[in-house]
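J.: Structure, please.
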Amino acid sequence: MADDKAPIIVIKKVIKGGGGHHGGAWKVAYADFVTAMMAFFLLMWLLNATTEEQRQGISEYFDPTPMEVSSSTSGAGGVMGGLTVSTVGARSSDVQPIVHNDNPPSPNVKMQIDPEQLEKEQLQAELQKRENVEFEQVKEKIKESIEASDLKDLAKNLMVDMTPEGLRIQIVDQNGESMFPSGSAKPYEKTVKLIDMVADIIKTMPNQISVRGHTDSIPYSKGADYTNWELSADRANSSRRVLLDAGIEAKKLSNVVGKSDTEHLKPETPNDPQNRRISIILLRESLTKPATGKSAASGGTGSVPVDPGYRKTTGNVQFP
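T.: Numbering: from 1, shown residues only. This next block holds a predicted model:
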């Protein structure tokens, strides 16, 4: 019976948990750290992405120094709405200066276009387009005229093409078919007829005309006073006289040039007969007359000098 009245002892063990590194307190500290870093990098970005005036405004907005109220405002007004009680330029010495970029703007950046210049260029492009149509018509007339005349055997001696300077009509020598006697500036009668036919077609055109003589590279004998320079110039001048006799107005003749052997038609074969030729060029009006449009009305740009060195051609045609 004594054993039944013995006290019962209960041992309770309490296990503590959630502390140490297994707790969640570190997350709060980490969040504060990330927020501080974000604010720091935002500050660094503002220092480098804003102007001096913008940084001054930010400084005035957040500066709590109880000095006189600045006249600058932002937001809705009031102390918390953008008014500052600091002096102008407070703590400006603590701000890192901006490094200005002196590099030129990227070519991809669209520059401001002058409307007047754009209008002038559009007008010039339209005039050139119309002029090209007229040149094509002249080329067709020359082709039809020579095929319908007794000069059709000389069609191979006539070449017509368009260049940046204008419509170029070339009377060239061929093997067995020369336009001038060797070493002479006096054209054959067939050459005079060919130039007459060309003149009859182009005399109605308003364009200025350039006449140029060319030779091959076969030189005169050593010590000769007369060279390919004189020959090319004399042949060009003879062609000018034929054009005048055929009805071309003298005021339309812009220049007469002797090119010697400096601009071959066949540069790979400098002695080729086709290098001996006369070029009659209807010059583009944009090269010989003042620019049209508003600029011209206020004085223009003056005439543009013709560059006789143009070599690029488009639509080169030799009549069969």
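J.: Show me what counts as buried in the helix or strand hosting residue 133.
T.: Element membership for residue 133 (DSSP states H and E) is helix 115-147. With burial defined by 16 or more other CB atoms under 10 Å, the residues of helix 115-147 counted as buried are 120, 131, 132, 135, 138, 139, 142, 143, 146. Where you see a C-beta, it was placed from the backbone N, CA and C, and this is true even at glycine.
J.: burial of the nearest residue to the last one once chain neighbours are set aside, as a residue count?
T.: With CB to CB, 6 or more residues apart in numbering as the criterion, residue 146 has its nearest non-adjacent residue at 5.3 Å, and that residue is residue 155. Counted with other CB atoms under 10 Å, the burial measure for residue 155 works out to 17 neighbours.
J.: Assign a three-state SS to residue 155, would you?
T.: The local conformation at residue 155, judged by DSSP: H, G, I helix; E, B strand; the rest coil, is helix.
J.: gap between it and residue 235?
T.: Going from residue 155 to residue 235 by CB to CB, to the nearest Å gives 21 Å.
J.: before we move on, what about residue 281?
T.: Counting by CB to CB - residue 281 and residue 235 are separated by 15 Å.
J.: What are the boundaries of the helices in the chain?
T.: 25-49, 52-62, 115-147, 189-202, 228-245, 285-288, 294-297 (DSSP state H).
J.: Would you mark the buried spots in the fifth one?
T.: Of the residues in helix 228-245, 228, 230-236, 238-240, 242-243 count as buried by neighbour count, 16+ other CB under 10 Å.
J.: relative orientation of that helix and helix 189-202 in degrees?
T.: 60 degrees (axes from the mean of the first three to the mean of the last three CA atoms, to 10 degrees).
J.: next one: the longest one
T.: For helix 115-147 and helix 189-202, the angle between their directions (the same axes, to 10 degrees) works out to 140 degrees.
J.: The second one now?
T.: Interaxial angle, helix 52-62 versus helix 189-202 (the same axes, to 10 degrees): 30 degrees.
J.: Give the buried residues for helix 52-62.
T.: Buried, per 16+ other CB under 10 Å, within helix 52-62: 55, 56, 57, 58, 59, 60, 61.
J.: sorry, back to before: biggest separation within the buried residues of helix 228-245, which pair?
T.: Longest distance between any two of the buried residues of helix 228-245 is 22.4 Å, between 228 and 243; criterion CB to CB.
J.: for residue 131, what are its contacts?
T.: Going by CB atoms under 8 Å, 6 or more residues apart in numbering, residue 131 touches 284, 285.
J.: pLDDT wise, what is it at?
T.: Per-residue confidence (pLDDT) for residue 131: 90.
J.: Tell me where the stretch 51-200 of the chain is predicted with low confidence.
T.: Across the stretch 51-200 of the chain, the stretches falling below the confidence threshold (pLDDT under 70) are 63-114.
J.: hmm, 50 instead?
T.: Of all residues in the stretch 51-200 of the chain, those with pLDDT under 50 make up the ranges 67-76, 78-86, 89-93, 108-111.
J.: How about the contacts made by residue 273?
T.: Contacts of residue 273 (CB under 8 Å, 6+ apart): 172, 173, 174, 175, 178, 216.
J.: Find the residue closest to the first one in space, skipping its chain neighbours.
T.: Read it as residue 172. residue 277 (4.0 Å).
J.: what's the burial count for the one you found?
T.: Residues near residue 277, counting by other CB under 10 Å: 25.
J.: partner residues bridging it?
T.: residue 172, residue 214 (DSSP bridges).
J.: Distance of it relative to residue 121?
T.: 35 Å.
J.: Residue 199 too?
T.: Taking CB to CB as the measure, residue 199 falls 34 Å from residue 121.
J.: Check residue 55 too.
T.: 44 Å.
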